[in-house]
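Trainee: Need a 3D model of the sequence below.
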Amino acid sequence: MTNNWKKIVFGLLCLCFVSACAEFKSSGRAIGHAAKDITKSVGHGVRDTAKAVGRDTKKLMADDNGKDGQGNK
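Mentor: Presented below is the predicted three-dimensional model:
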């Protein structure tokens with residue numbers, strides 16, 4: 001009888017640990033998705049800023065050289 005009691009307690013403890021793992025997995029997934037969204041928005045902002053700076057630099061260089069930005073005078 002003592003052996004069965006130990007098995008039951010061990011089974012319940014295992015069940016608690018599995019339940020805790022599911023909670024950690026769920027919270028980890030939420031943190032991961034939030035981090036991905038933040039990284040994506042920062043990356044898109046940097047990309048857009050770099051494009052704008054590149055266009056402005058191209059226009060500035062074209063004005064200095066007397067060209068239209070496409071290499072044409």
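Trainee: okay, which residue is most central for this protein?
Mentor: Taking CA atoms, centre = their mean, the centroid of the chain lies closest to Lys36, which sits 1.5 Å from it.
Trainee: Next, report how far the helix or strand hosting it is displaced from the centre of its chain.
Mentor: Using DSSP states H and E, Lys36 sits in helix 2-65. Remark: helix 2-65 is offset 4 Å from the chain centroid, using CA atoms, centre = their mean, to the nearest Å.
Trainee: so where's the chain uncertain?
Mentor: For the chain, residues meeting the criterion pLDDT under 70 lie at 1-2, 19-20, 66-73.
Trainee: again, only using 90
Mentor: Residues of the chain meeting the criterion pLDDT under 90: 1-28, 54-73.
Trainee: so what's Gly28 up against?
Mentor: If a contact means CB atoms under 8 Å, 6 or more residues apart in numbering, then Gly28 has no contacts. Every C-beta, even on glycine, is put in place using the N, C-alpha and C of the backbone.
Trainee: and it, how far is that from Cys21?
Mentor: Using CB to CB, to the nearest Å, we find Gly28 at a distance of 10 Å from Cys21.
Trainee: Could you check how far the residue nearest to the centre of the chain is from Arg29?
Mentor: Lys36 is 11 Å from Arg29, by CB to CB.
Trainee: what does Asp64 give?
Mentor: In this view, Asp64 and Arg29 are 52 Å apart by CB to CB.
Trainee: rewinding a little: against Ser27, how distant is the residue nearest to the centre of the chain?
Mentor: Counting by CB to CB, the gap from Lys36 to Ser27 is 15 Å.
Trainee: Compute the distance between Asn3 and Phe17, please.
Mentor: 21 Å.
Trainee: For these two, indicate the residue with more neighbours.
Mentor: Phe17 (10 against 7; other CB atoms under 10 Å).
Trainee: what's near enough to touch that one?
Mentor: Counting by CB under 8 Å, 6+ apart, Phe17 has no contacts.
Trainee: Same check on Asn3?
Mentor: Contact partners of Asn3, counting by CB under 8 Å, 6+ apart, are absent.
Trainee: what's the spacing between it and Ser41?
Mentor: For Asn3, the distance to Ser41 (CB to CB) stands at 58 Å.
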